[in-house]
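In: Predicted model follows, preceded by the sequence.
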Amino acid sequence: MTLILDEYSLLTVYTAMAVYTLAFVVFAIDVAKRSARVPAAGTVSEVRQASADGGTTTLQTTEAEPQKPRYKFERIAFSLVVLGWGMHTTGVVLRGLAQGFVPWANMYEFSLISSAIVIATFIVMQLWHDLRFLGVYITGFTLVTLGVATVNLYVPVKPLPPVLDSYWLIIHVFVASLGTALFALSAGLAIVQLLQARREAGKKSLGFLKTFPDVEKLENLTYLTAVIGFVFWTFTLIAGSIWAERSWGRYWGWDTKEVWTFIIWIIYAGYIHARATRGWRGTRSAWLAIIGFAAVLFNYGIVNVFIPGLHSYSGL
């Protein structure tokens with residue numbers, strides 16, 4: 001039964017990847033359509049009014065056209081993302097049922113759950129602000145993560161290592177995944193901010209950027225998502241310290257994973273401080289957000305897999 005559930009889990013993950021691929025293509029088509037689109041001019045109407053000498057004067061006024069509905073390709077792509085996330089989540093649940101505990105005890109499972117949370121965060125964020133213009137970035141990032149997970153990191157279902165047999169596994173890793181998801185969104189917004197800043201400076205740029213939010217709005221969105229992610233990452237550090245004391249008898253050691261988690265915290269703390277109190281705006285703050293997420297990726301792809309330490313079980 002365990003093997004069958006794991007096989008079904010893999011099947012649903014592969015199906016989710018296929019749906020995400022379709023979403024990526026349709027989002028790319030939407031971007032191409034945006035590039036080709038020319039903003040509609042307002043309609044000109046004539047207004048006649050009486051003049052002082054008894055004659056009439058004709059005035060021309062420009063009326064803005066009503067805002068057109070969202071791009072249909074964007075709506076289709078977003079619907080595919082929701083469908084893909086449903087399959088993706090099903091794969092995560094089946095993997096958990098196959099082994100009898102939460103499915104994030106190794107790098108393969110962490111990749112599944114963290115990428116699912118990235119997509120879930122992207123979907124939920126639409127309730128606050130329309131971020132569907134990040135669709136190509138989000139689906140592309142998720143496809144790469146799942147591709148690496150299924151090809152290079154997959155391991156069969158196995159018993160839970162004793163060091164992970166704790167309710168802190170549920171709390172620590174889940175909150176870390178939430179922080180990672182928000183940092184991923186923040187980095188995507190920062191990249192778009194840099195591109196938009198170039199366009200608004202009058203330099204050669206990509207055509208679709210004219211349909212995206214302006215630099216100021218992008219910068220504020222980058223900052224807000226990073227701040228929320230930083231809160232979750234702070235809790236990750238605290239939860240990890242408590243778990244370390246329960247498992248190894250100390251709150252802090254100089255294990256590579258612990259050090260890199262703290263480095264990530266320092267980078268984002270510096271980003272938030274510099275922007276809030278030192279007046280760092282524009283490209284400097286955007287680059288700090290991108291550097292922070294690069295550190296997250298290094299922690300995920302290099303530290304977890306290639307550098308031995310007390311957390312080496314995460315590479316199994």
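Out: Arrived safely. Nothing here was measured: the structure is a model prediction, and the numbers come from that model.

In: Tell me where the chain has helices.
Out: Using DSSP state H, the helices found in the chain span residues 2-36, 72-99, 107-125, 135-148, 168-200, 215-248, 256-277, 283-298, 304-306.

In: will you turn those helices into JSON lines that also has mean pLDDT, distance to Val157 and mean neighbour count?
Out: In short, each C-beta sits where N, CA and C put it, glycine included. Formatted as JSON lines, those follow (pLDDT from 0 to 100; distance: least, C-beta to C-beta, whole Å; neighbours: other C-beta atoms under 10 Å):
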{"stretch": "helix 2-36", "mean pLDDT": "91", "distance to Val157": "5", "mean neighbour count": "18"}
{"stretch": "helix 72-99", "mean pLDDT": "94", "distance to Val157": "5", "mean neighbour count": "19"}
{"stretch": "helix 107-125", "mean pLDDT": "94", "distance to Val157": "10", "mean neighbour count": "22"}
{"stretch": "helix 135-148", "mean pLDDT": "96", "distance to Val157": "18", "mean neighbour count": "20"}
{"stretch": "helix 168-200", "mean pLDDT": "92", "distance to Val157": "16", "mean neighbour count": "22"}
{"stretch": "helix 215-248", "mean pLDDT": "91", "distance to Val157": "23", "mean neighbour count": "19"}
{"stretch": "helix 256-277", "mean pLDDT": "90", "distance to Val157": "24", "mean neighbour count": "17"}
{"stretch": "helix 283-298", "mean pLDDT": "93", "distance to Val157": "27", "mean neighbour count": "19"}
{"stretch": "helix 304-306", "mean pLDDT": "76", "distance to Val157": "20", "mean neighbour count": "16"}
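
In: Let me have those in a markdown table, extended by distance to Leu209.
Out: As requested, these are exported to a markdown table (distance: least, C-beta to C-beta, whole Å):
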| stretch | distance to Leu209 |
| --- | --- |
| helix 2-36 | 8 |
| helix 72-99 | 15 |
| helix 107-125 | 20 |
| helix 135-148 | 13 |
| helix 168-200 | 5 |
| helix 215-248 | 10 |
| helix 256-277 | 23 |
| helix 283-298 | 14 |
| helix 304-306 | 35 |
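
In: nearest to Pro162, of those?
Out: helix 215-248 (9.1 Å; C-beta to C-beta).

In: Report all helices and strands that that closest one contacts.
Out: If you count contacts as 3 or more C-beta pairs under 8 Å, 6 or more residues apart in numbering; DSSP states H and E, helix 215-248 packs onto helix 168-200, helix 256-277, helix 283-298.

In: Trp85: which of those helices is closest?
Out: The nearest among these, by C-beta to C-beta, is helix 168-200 at 12.2 Å.

In: That closest one to helix 215-248, inter-axis angle?
Out: 160 degrees (axes from the mean of the first three to the mean of the last three C-alpha atoms, to 10 degrees).

In: Which strands or helices does helix 168-200 pack on?
Out: helix 107-125, helix 135-148, helix 215-248, helix 283-298.

In: quick one on the thing from earlier: could I get the helices and strands packed on helix 215-248 as a markdown table with distance to Phe27?
Out: Listed next are the helices and strands packed on helix 215-248 as a markdown table, based on distance: least, C-beta to C-beta, whole Å:
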| stretch | distance to Phe27 |
| --- | --- |
| helix 168-200 | 12 |
| helix 256-277 | 28 |
| helix 283-298 | 20 |
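
In: Nothing else from me, thank you.
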